[in-house]
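Q: I would like the atomic coordinates for the input below:
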Amino acid sequence: MDFSAYLGFDVHKDTIAIAVADVGRSGDVRFYGEIGSSPEAVATLLKKFNGRSGRLHVVYEAGPCGYGLYRQINALGHSPRPMVA
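A: Prediction:
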């Protein structure tokens, strides 16, 4: 599957910090900012990136805050992958 952007989620109880990496070895990696951890905030962010990037590959922090996030990202048609530290 071809992806057009990679998102990294640093998940906390009330917020999620977002990093964005462009596709390719020379793609830029940058801090996007923080969003609320609500399903609505996540859906809005993914819709925004989906509109300009297409299919997204999302890496998130595995743990108790990530289970619902995984299901939501997957249901919205993107590819979630847990990151285990």
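
Q: low-confidence stretches in this protein?
A: For the chain, applying pLDDT under 70 flags the ranges 1-3, 51-54, 84-85.

Q: OK, contacts around residue 20?
A: 5-8, 29-30, 32, 49 (CB atoms under 8 Å, 6 or more residues apart in numbering). The way it works is simple: take the backbone N, C-alpha and C, and place the C-beta from them, glycine included.

Q: residue 80 now?
A: Contacts for residue 80 (CB under 8 Å, 6+ apart) come out as 58-60, 69-70, 73-74.

Q: could you redo the last one with a cut-off of 10 Å?
A: Residue 80 makes contact with 7, 9, 56-60, 66, 69-74, according to CB atoms under 10 Å, 6 or more residues apart in numbering.

Q: now residue 30
A: Residue 30 neighbours (CB under 10 Å, 6+ apart): 18-22.
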